[in-house]
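Student: sequence and computational prediction follow.
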Amino acid sequence: MRIITYQELCENAALSQEFYKTIEYENNPDIDAIIADVKTRGDSALIDISNKFNDGAFSSADDFLVTQDEIKEAYNKVDKEFIHQIKIAKKNVEEFAKKQLGTLSEFSLKKSKSELGQKIIPLERILAYVPGGNYPLPSSCIMTTVPAKVAGVKEVILTSPRIKPETIVAADIAGADKIYRLGGAQAISAFAYGTESIKQVDKIVGPGNRFVTYAKKSVYGTVDIDFLAGPSEVLIIADGSADPLLVASDMLAQCEHDKDARAYLICNSKDFADKVKEIAYAILSNLETSDIAKISYMNSFAVVDEGLFNACEISNKRAPEHLELVVADENKFLNKLTNYGSLFIGSWCAEVFGDYVSGTNHVLPTNSSAKYTGGLSVFDFIKILTYQKIGEDYARELAKTASYIAGKEGLYAHKAASDFRLNRKKTKFLDKIFSKQNRTQILAKLVTLYFQFKRHFYYCKNINYPKDKCIFALWHAHQCGLYALEEREKTTVMISNSADGEIIAQAGAAMGLNVVRGSHNRKGAAATIEMINAIKAGNNGAITIDGPRGPKHKVKKGIVEVARLTGAPIVPMSWYSPSPFFLKFKTWDEFCFPLNCIKMKAIYGDPIYVPLNATDEELEGYRLKVENELKKLYANLTANFKNL
């Protein structure tokens, strides 16, 4: 450790440059080639490169993932004390992460019948990278995975080359959804771009060597990253109240990470610096990792600043990963210290506690990047999204300013978008009340009341009502006949997503029908699957088989397919009322319902079964049969209403 004075640090340009120097990640054609190869060839490149650099021994992509059996085997290879201590560390990190997340909240701001707000959305899928090497790093599993799980990330993937049982167990305890044994720049490329067996992630976090760090820099933009982590570092501000033994041990704790790691000491006397140096070399003489730590320590610095008047200035400019404050009165310094990854206050507060167990995260910004970012946290795994819902009055108010600024910027389409709203005829009060949306809701309430009235006081007469489970088929214009169905709680009806459909959907649900929304052109697949599952579960089905967007009175193929897949027969259904008073909706098929109490009648056809192995030609025949039967039923009902 070199001992210099504050004056020397300021006046000696070479010393100052070395003290404050940062690493620049210059172009690396070899790493660029690895990234491009994996991006192009996928799993094949991943296997070849990993085997070449001894980052794994893979024969196929099936070897990438750690299986559940291998996870169980890993637990058998570690002792119970390891599992116990990892769970303690996980608990503390999780507790702190939950407290962090609690500082954020969603909100809305009401202004002139308008609303602006903030939503907090977790990322979908992230990769936690944990370095391999001679020693496992289970602590990095905890630090990268736990905050992501607390944030609500749906899928947390962890990867580590030449993965050890300790890493596997720690990753499992931390909550990783999948564990891979991949590493190096090739792993970063695989998860950034995806391969045949690996799905692309949204973000990559975690420490790594300079090759991994360069790879993270290269893929940034395709995916997000936490930051570019360089060699580890600690800066300790200490006065005469500090214990030189503890200061020396904390400096060496960082130096043993890497030959490029650095430890910095700012103290108020040369005697203290000499004591620390003497103790450090004594520790190094018996330290198992002295071959690395000694090189790093010899390149580290102690700056003697009498009175420590300039300590905060030096620290903020260096912006260390770890900052220790070991002084008699820390309050003189706390508010002046602004750039650090994590702060450790007092002689009892060992930096290694933060590395492993206290609860704060050990994935911290190095290379002076603490000037603009903090350490890894739950905030790295969420998106803060804003929204706005602007009403007419507030829009007119905003449009004036927006139009003016857009004009000054020469963005005339922007200006026009504001002006069109500003100059638009103001909506009258009655128009707002009877808007399409409001009109739909009003009609839905009226139809619901009418259905309930008919249901309780004037039943529809059913003719030839089926006894067994079936799929009722009725025209879109005949949806009012739904109230005639018996066992409505066991009937699932598919109703279109149109405005008219919304009216019947609300009314049908009020009668006890199970309603799914969808049609041939609107979310049909999801609704059809829901309908099939309901029928297979024992419900009757009911499907309206024409609609505003299709040819009038033409049965769609969908109902025939549902019948084929479920085995339930199609029962055509039609209803009629001779009432002269109908409320009609403005659709092509004049959807309507009677307003008086003249009794309605519903007639049901014979069951039509569709075999599972029916050919396309046969399916078309069944479709036409349903269509013709519906026409016959309606013609019969209207011609012979009194006699039926």
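Tutor: Received, thanks.

Student: next one: phi and psi at residue 310?
Tutor: Phi and psi for residue 310, reported as degrees, to the nearest 10, are phi -110, psi 10.

Student: run a quick neighbour tally on it.
Tutor: Neighbour count of residue 310, defined by other CB atoms under 10 Å: 16. For glycine as for every other residue, the C-beta is placed from the backbone atoms N, C-alpha and C.

Student: the residue nearest to it when sequence neighbours are not counted: what's it in contact with?
Tutor: Using CB to CB, 6 or more residues apart in numbering and skipping residues adjacent in sequence, the residue nearest residue 310 is residue 6, 5.4 Å away. Counting by CB atoms under 8 Å, 6 or more residues apart in numbering, residue 6 touches 303-306, 310, 314.

Student: any idea which of those residues has the most stuff around it?
Tutor: residue 303 (25 neighbours).

Student: that one: which element?
Tutor: strand 301-304 (DSSP states H and E).

Student: now residue 62: how far from residue 43?
Tutor: Relative to residue 43, residue 62 is positioned 10 Å away (CB to CB, to the nearest Å).

Student: shared neighbours of the two, anything?
Tutor: With CB under 8 Å, 6+ apart as the test, residue 62 and residue 43 both reach residue 197.

Student: what about these two, which has more around it?
Tutor: residue 43 (18 against 10).

Student: now for the closest residue to residue 570 other than its chain neighbours: which residues touch it?
Tutor: Ranked by CB to CB, 6+ apart and with sequence neighbours excluded, the top spatial neighbour of residue 570 is residue 608, at 4.5 Å. Contact analysis of residue 608 by CB under 8 Å, 6+ apart lists 563, 569-572, 622, 625-626, 629.

Student: number of nearby residues for residue 229?
Tutor: Counted by other CB under 10 Å, the residues lying close to residue 229 total 25.

Student: what's the helix or strand for the residue nearest to it when sequence neighbours are not counted?
Tutor: Closest residue in space to residue 229, ignoring its immediate chain neighbours: residue 207 at 4.9 Å, by CB to CB, 6+ apart. Remark: residue 207 resides in no helix or strand, with elements defined by DSSP H and E.

Student: same check on residue 121?
Tutor: Assigned by DSSP H and E, residue 121 belongs to strand 114-122.

Student: sheet partners, orientation included, of the helix or strand following that strand?
Tutor: Counting by DSSP H and E, the next helix or strand C-terminal to strand 114-122 is strand 125-129. Its sheet considered, strand 125-129 pairs with strand 155-159 (parallel), strand 203-205 (parallel) by DSSP bridges.

Student: nearest to residue 400, of the ones you listed?
Tutor: For the strands paired with strand 125-129, proximity to residue 400 was assessed by CB to CB; strand 203-205 is nearest, at 40.7 Å.

Student: neighbours around residue 16, how many?
Tutor: Using other CB under 10 Å, residue 16 is surrounded by 15 other residues.

Student: can you check residue 642 too?
Tutor: Neighbours around residue 642, by other CB under 10 Å: 6.

Student: you'd agree it is in a strand?
Tutor: No - assessed with DSSP: H, G, I helix; E, B strand; the rest coil, residue 642 is coil; it does not lie in a strand.

Student: how is the protein divided into domains?
Tutor: Following automatic domain parsing, one finds the domains of the chain at 2-23+230-358, 29-91+117-225, 390-426, 437-639.

Student: redo these as TSV? Include mean pLDDT.
Tutor: Shown next, in TSV, are the domains of the chain (pLDDT from 0 to 100):
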stretch	mean pLDDT
domain 2-23+230-358	96
domain 29-91+117-225	96
domain 390-426	92
domain 437-639	76
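
Student: and of those domains, who's closest to residue 375?
Tutor: Among the domains of the chain, the nearest to residue 375 by CB to CB is domain 2-23+230-358 (5.0 Å).

Student: starting at the chain centroid, how far to the closest one?
Tutor: Distance of domain 2-23+230-358 from the chain centroid (CA atoms, centre = their mean, to the nearest Å) equals 39 Å.

Student: quick one: end-to-end distance for that domain.
Tutor: Using CA to CA, to the nearest Å, the end-to-end distance of domain 2-23+230-358 comes to 32 Å.

Student: one step back: who's in contact with the residue nearest to residue 229?
Tutor: By CB under 8 Å, 6+ apart, residue 207 lies in contact with 129-131, 140, 229, 363.

Student: now, the most widely separated pair of those?
Tutor: Distance extremes for those: the farthest pair is 130 and 229 at 12.5 Å, using CB to CB.

Student: and stretch 18-33, which residues are buried?
Tutor: Residues of stretch 18-33 classed as buried by neighbour count (16 or more other CB atoms under 10 Å): 19, 28, 31.

Student: with just CA atoms, put the top helix by length along the chain into PDB.
Tutor: Counting by DSSP state H, the longest helix found in the chain is helix 616-639. In PDB, the C-alpha atoms belonging to helix 616-639 read as follows (Å, rounded to 0.1, in the frame of the first residue of the first chain):
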ATOM      1  CA  ASP A 616     -64.600 -31.500 -44.000                       C
ATOM      2  CA  GLU A 617     -67.300 -32.300 -46.500                       C
ATOM      3  CA  GLU A 618     -69.400 -34.000 -43.800                       C
ATOM      4  CA  LEU A 619     -69.000 -31.100 -41.500                       C
ATOM      5  CA  GLU A 620     -70.300 -28.800 -44.200                       C
ATOM      6  CA  GLY A 621     -73.300 -31.100 -44.500                       C
ATOM      7  CA  TYR A 622     -74.000 -30.800 -40.700                       C
ATOM      8  CA  ARG A 623     -73.700 -27.000 -40.900                       C
ATOM      9  CA  LEU A 624     -76.300 -26.800 -43.600                       C
ATOM     10  CA  LYS A 625     -78.500 -29.200 -41.700                       C
ATOM     11  CA  VAL A 626     -78.500 -26.900 -38.600                       C
ATOM     12  CA  GLU A 627     -79.100 -23.900 -40.800                       C
ATOM     13  CA  ASN A 628     -82.100 -25.400 -42.600                       C
ATOM     14  CA  GLU A 629     -83.500 -26.800 -39.400                       C
ATOM     15  CA  LEU A 630     -83.500 -23.300 -37.900                       C
ATOM     16  CA  LYS A 631     -85.300 -21.900 -40.900                       C
ATOM     17  CA  LYS A 632     -87.900 -24.600 -40.700                       C
ATOM     18  CA  LEU A 633     -88.500 -24.200 -37.000                       C
ATOM     19  CA  TYR A 634     -89.000 -20.400 -37.300                       C
ATOM     20  CA  ALA A 635     -91.400 -20.900 -40.300                       C
ATOM     21  CA  ASN A 636     -93.400 -23.500 -38.400                       C
ATOM     22  CA  LEU A 637     -93.500 -21.400 -35.200                       C
ATOM     23  CA  THR A 638     -94.700 -18.200 -37.000                       C
ATOM     24  CA  ALA A 639     -97.300 -20.100 -39.100                       C
END
